[in-house]
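Visitor: below is the sequence, then the predicted model.
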Amino acid sequence: MMQPEKLQQLIAAGIACTHVEVTGDGQHFEARIVSDDFVGKSRVARQQHVNGVLRAYFDSGELHALSMQTLTTAEWSAARG
């Protein structure tokens, strides 16, 4: 069973993140990922980018479900006020 901390490390290793946080119960996870790699990309393209980084874990069944919020640094700053 994957732990949220491991998933957070995998995302951070595959994407240049300015912020990443992951919560979950070992089966289902939620992630907030902030990266300027997302600049100019649609929401779908952003999620595809993250899914590509994690593909091996989805394919092996180690990672089952991931809900994500993907933001650029500017979007994250604006959301935080």
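Guide: Here it is on my side, so go on.
Visitor: Gln8 versus Gln48, what's the distance?
Guide: Computed as CB to CB, to the nearest Å, the Gln48 to Gln8 distance reads 19 Å. Bear in mind the C-beta positions are built from the backbone N, C-alpha and C, glycine included.
Visitor: more neighbours: these two, which one.
Guide: Neighbour count, other CB atoms under 10 Å: between Gln48 and Gln8, Gln8 has more, with 19 against 12.
Visitor: is it true that the more buried one lies in a helix?
Guide: Yes - assessed by DSSP: H, G, I helix; E, B strand; the rest coil, Gln8 belongs to a helix.
Visitor: got the contact list for it?
Guide: By CB atoms under 8 Å, 6 or more residues apart in numbering, Gln8 lies in contact with Val20, Glu21, Val22, Ala31.
Visitor: measure it to Ser77 for me?
Guide: The spacing between Gln8 and Ser77, counted by CB to CB, is 21 Å.
Visitor: helices of the chain, start to end?
Guide: Here the chain has its helices, by DSSP state H, at 4-14, 43-60, 73-80.
Visitor: for Ser35, find the nearest of those helices.
Guide: Among those, helix 73-80 comes nearest to Ser35, with 7.6 Å by CB to CB.
Visitor: can I get that closest one in CSV, CA atoms only?
Guide: Written as CSV, here are the backbone C-alpha positions of helix 73-80 (Å, rounded to 0.1, in the frame of the first residue of the first chain):
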residue,chain,number,x,y,z
THR,A,73,2.8,29.4,-9.2
ALA,A,74,0.8,32.5,-10.2
GLU,A,75,-2.5,30.7,-9.9
TRP,A,76,-1.5,29.3,-6.5
SER,A,77,-0.4,32.8,-5.3
ALA,A,78,-3.7,34.3,-6.5
ALA,A,79,-5.8,31.5,-4.8
ARG,A,80,-4.0,32.2,-1.5
